[in-house]
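[1] Here's my sequence, what's the structure:
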Amino acid sequence: MGGDFFYFDETGTVLKGVKNWSIKSAVIPEGVAEIAQKAFYGCESLESIDLPKGLKKIGEDAFCACESLKIVTILESVTKIDMCAFYGCKSLESIDLPEGLTEIGRGAFYGCESLKGINLPSSLTEIHDHAFCGCKSLTSIAVDEGNTMFFSKGGVLYRRLKNGKSELVKYPEGKAGESFKVSADTERLGVCAFHGCESLKSINLPSGLKEISRRAFSGCKSLENIDLPERLTEIAEYTFSDCKSLKSFDLPEGLMEIGRSAFHDCESLESIYLPEGLTEIGDHAFCVCTSMTSITIDEGNTVYFTKDGVLYRRLENGKNELVRYPEGKSGESFKVGADTERLGVCAFHGCESLKSINLPTGLTAIGWRAFSDCKSLEKIDLPEGLTEIGEDAFRGCESLESIDLPEGLKKIGLEAFEGYTHLKSIHSAIRDLENVEIDDDAFEGVDKDECTLYVPHGKRWAYRHHPVFSKFKHIEME
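    You can find the predicted model right below:
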């Protein structure tokens, strides 16, 4: 195989692509030193490939989505496997990594769900994030005893740190067992360390653990019990996302930060207690926690407080932001605190039991997805002082039939009312349309042939010539 089958660069040493995407096998000719980015991307029929002597680098996405590829032997000349090189090679059962390999890129073997085992050579010095994520059949990761950077214990991959401690890099997703005790000298859990380990019900963490990286336990759907060490100060983004069996646990007193989506989709989590020193909670940290009925916080916390199980943040101007109304909280109606100036990202997202929400007169901003998927919401009055409705704010509020837009409104975000399929009327008090930023798709999904738009007296012409409101068939003056 040569020029009739492949594209090369001017030197003939870099293979840039294939001429036939349906090939089942390929023999790469001698003299090729690099397989370029996306060279075999999406060759879904490719089952086998012979790599040449002298090959040094397998580029980014080189064999990405080659879903039929089963076996790959990488020769000793290769020193680097780049980012996502074998991403999504679902049929890949084995791969031989040579002595001389020094680096495995980010997500290099992500989604190789048939890969059962892998042996890492002594020369390997760098493994980037997500390298073995989504390898559902992987039961063991072995490391050559001569490797000074990495080691394996019980099939679990660790990295040696400069201070003599260790980082747990990856627990194989297909490893059997319902419980696991992390090595005592482990100071850090790497990115996606336990991601997708669906069989684990309990994990014992060492007291000296200082850092848990993002997505460390994401997708551990059977995880019921885990005790976090007292020295922990941060729970990174998506750390416990999709831990569907996690019902409750204690947060350490020294915790200062909870990252974005840290507990997203923990559908069994019923309540959570936040410590005094907590100063930062990322967006949608507790979204899709459908069983959560209450959030409580230490009375000494100066940044956050709770009222009737609802989480608020204190703002510098003396006002408040409603951060999160628990999705599992009972009741069909709710009155937002009088000093609330802003509704945070996903503030009421998925609160399907609520039929009416009373907003305070001082409210000025409604955040992204603030009321999304409040499927039973029938009544909400937007206050006169409201200036901003964020993206997707009322997405999926399928029971709302009417909405009033206050005169002082200055911004309506992308798909703010998307999925508003039963909306029958919009009453707009906005008179100065030129000073209002309205996204072209703000009312995407609203039936503009059936929904009537009511506008201020004398303003029908302006609305009929507006790039967004002109899409409504029926525009009437109040």
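[2] Straight-line length of stretch 386-402, end to end?
    End-to-end distance for stretch 386-402: 17 Å, by CA to CA, to the nearest Å.
[3] starting at the chain centroid, how far to it?
    23 Å (CA atoms, centre = their mean, to the nearest Å).
[4] next one: stretch 195-211
    Distance of stretch 195-211 from the chain centroid (CA atoms, centre = their mean) equals 20 Å.
[5] what about dumping the CA coordinates of that stretch to PDB?
    Backbone C-alpha positions of stretch 195-211 (Å, rounded to 0.1, in the frame of the first residue of the first chain) are rendered in PDB as follows:
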ATOM      1  CA  HIS A 195     -15.200   7.500  36.600                       C
ATOM      2  CA  GLY A 196     -17.700   4.900  35.400                       C
ATOM      3  CA  CYS A 197     -16.900   2.200  38.100                       C
ATOM      4  CA  GLU A 198     -20.500   1.100  38.300                       C
ATOM      5  CA  SER A 199     -19.900  -1.900  40.500                       C
ATOM      6  CA  LEU A 200     -18.400   0.000  43.500                       C
ATOM      7  CA  LYS A 201     -20.800   0.500  46.400                       C
ATOM      8  CA  SER A 202     -18.200   1.900  48.900                       C
ATOM      9  CA  ILE A 203     -14.800   3.500  48.700                       C
ATOM     10  CA  ASN A 204     -12.500   4.000  51.700                       C
ATOM     11  CA  LEU A 205     -10.400   7.100  51.400                       C
ATOM     12  CA  PRO A 206      -7.200   7.700  53.400                       C
ATOM     13  CA  SER A 207      -7.000  10.400  56.000                       C
ATOM     14  CA  GLY A 208      -4.100  12.100  54.300                       C
ATOM     15  CA  LEU A 209      -6.000  12.700  51.000                       C
ATOM     16  CA  LYS A 210      -5.800  16.400  50.100                       C
ATOM     17  CA  GLU A 211      -7.200  16.700  46.600                       C
END
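[6] pLDDT of that stretch, averaged?
    Stretch 195-211 shows a mean pLDDT of 95.
[7] buried set for that stretch?
    Going by neighbour count (16 or more other CB atoms under 10 Å), the buried part of stretch 195-211 is H195, G196, C197, S199, L200, I203, L205, P206, L209. C-beta here means a position set from N, CA and C on the backbone, and glycine is covered the same way.
[8] need these in JSON lines with distance to G154 and secondary structure, can you?
    As requested, the buried residues of stretch 195-211 are exported to JSON lines (distance: CB to CB, whole Å; DSSP: H, G, I helix; E, B strand; the rest coil):
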{"residue": "H195", "distance to G154": "18", "secondary structure": "coil"}
{"residue": "G196", "distance to G154": "18", "secondary structure": "coil"}
{"residue": "C197", "distance to G154": "14", "secondary structure": "coil"}
{"residue": "S199", "distance to G154": "15", "secondary structure": "coil"}
{"residue": "L200", "distance to G154": "14", "secondary structure": "coil"}
{"residue": "I203", "distance to G154": "14", "secondary structure": "strand"}
{"residue": "L205", "distance to G154": "16", "secondary structure": "coil"}
{"residue": "P206", "distance to G154": "15", "secondary structure": "coil"}
{"residue": "L209", "distance to G154": "18", "secondary structure": "coil"}
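[9] Using CSV, please lay out those residues together with distance to D242.
    Output for the buried residues of stretch 195-211, formatted as CSV (distance: CB to CB, whole Å):
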residue, distance to D242
H195, 9
G196, 9
C197, 12
S199, 15
L200, 13
I203, 15
L205, 19
P206, 24
L209, 22
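[10] what's the closest of these to H128?
    Within the buried residues of stretch 195-211, proximity to H128 (CB to CB) peaks at H195, which comes in at 14.5 Å.
[11] That closest one and I297, how far apart?
    29 Å (CB to CB, to the nearest Å).
[12] go on, F472?
    Distance from F472 to I297, counting by CB to CB: 45 Å.
[13] S152 now?
    When distance is defined by CB to CB, S152 is 42 Å away from I297.
[14] Residues touching the helix or strand Y158 falls within, excluding its own?
    Using DSSP states H and E, Y158 maps to strand 156-160. Strand 156-160 is contacted by residues 120, 127, 132, 141, 143, 148-152, 166-172, 175, 180, 183, 186, 190 when judged by CB atoms under 8 Å, 6 or more residues apart in numbering.
[15] go with 10 Å
    Identification of contacts with strand 156-160 by CB atoms under 10 Å, 6 or more residues apart in numbering yields 118, 120, 126-127, 131-132, 140-143, 147-152, 165-172, 175, 180, 182-183, 185-186, 188, 190, 193-194.
[16] From the residues you listed, list the buried ones, please.
    The buried subset of the contacts of strand 156-160 (16+ other CB under 10 Å) comprises 118, 120, 127, 131-132, 140-141, 143, 147, 149-152, 165-172, 175, 180, 182, 186, 188, 190, 193-194.
[17] Please give the number of neighbouring residues around G458.
    Close neighbours of G458, defined as other CB atoms under 10 Å, add up to 9.
[18] Tell me which stretches of the stretch 151-300 of the chain form strands.
    For the stretch 151-300 of the chain, the strands defined by DSSP state E, counting those that start in this stretch cover 156-160, 166-170, 179-181, 186-189, 202-204, 211-212, 225-226, 234-235, 257-258, 271-274, 280-281, 294-297.
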